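> I'd like to go over a predicted model; first the sequence, then the structure.
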Amino acid sequence: MTTEELNKIAETTNNATQGLWKSYIEGRDHESGSSFIMTGVDNERDYDIEFHSLREKDQDFIAMARNVIPDLLSEIWRLRKIIEDNSIIY
C-alpha cells in the first residue's frame, strides 16, 4: 500500500464517529428492539447505528473494524519506520 492510500484510510477513520463501537444483535446480545452498533461508551456515548438489512457477521465486522483500524495503521507506520531506519543506502 502506498503512503497516500494509508493516509486516505486514516482520514476516513478519523472522520468517522469516535469509538469504541459495539455490535448488539437482537436475540444474541439483547432481547428486544433492533440490532444496532452503539458508538461511544459511558459519558462519551454518541448515536446508535441501525441497519435495515445486514448480516450479523457483517455488522460485527463493521464495529470491529472501527475499533482496530487505528491500531493497524499505527502498526504499519511503526514497521515502516523500522524498515526505513534499518535501510542501508549505498
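Structure received.
> Could you use CA atoms for every contact and neighbour count after this?
Will do.
> give me the element I76 is part of.
Assigning secondary structure by DSSP states H and E places I76 in helix 56-86.
> how close does the most centrally placed residue in the chain sit to N15?
For the chain, the residue lying nearest the average C-alpha position, counting by Cα atoms, centre = their mean, turns out to be R66 (1.2 Å). In this structure, R66 and N15 are 11 Å apart, going by Cα to Cα, to the nearest Å.
> P70 now?
Separation of P70 from N15 (Cα to Cα) stands at 12 Å.
> For stretch 13-28, what is the spacing between the initial and final residues?
End-to-end for stretch 13-28, by Cα to Cα: 28 Å.
> residues in contact with the residue nearest to the centre of the chain?
The contact partners of R66, taken as Cα atoms under 8 Å, 6 or more residues apart in numbering, are T13, G19, L20, W21.
> Could you rerun that using 7 Å?
Under the criterion of Cα atoms under 7 Å, 6 or more residues apart in numbering, the contact list for R66 reads G19, W21.
> Give me the phi and psi angles of the nearest residue to G19 once chain neighbours are set aside.
Nearest in space to G19, with sequence neighbours left out and distances taken as Cα to Cα, 6 or more residues apart in numbering, is G40 at 5.2 Å. Main-chain torsions, G40, degrees, to the nearest 10: phi 80, psi 170.
> G40 touches I49, doesn't it?
No. With contacts defined as Cα atoms under 7 Å, G40 does not count as touching I49, sitting 11.2 Å away.
> which of the two has more neighbours?
G40 (17 against 14; other Cα atoms under 10 Å).
> quick revisit: so P70 and N15 - more neighbours on which side?
Ranked by neighbour count (other Cα under 10 Å), P70 and N15 place P70 first, with 14 against 9.
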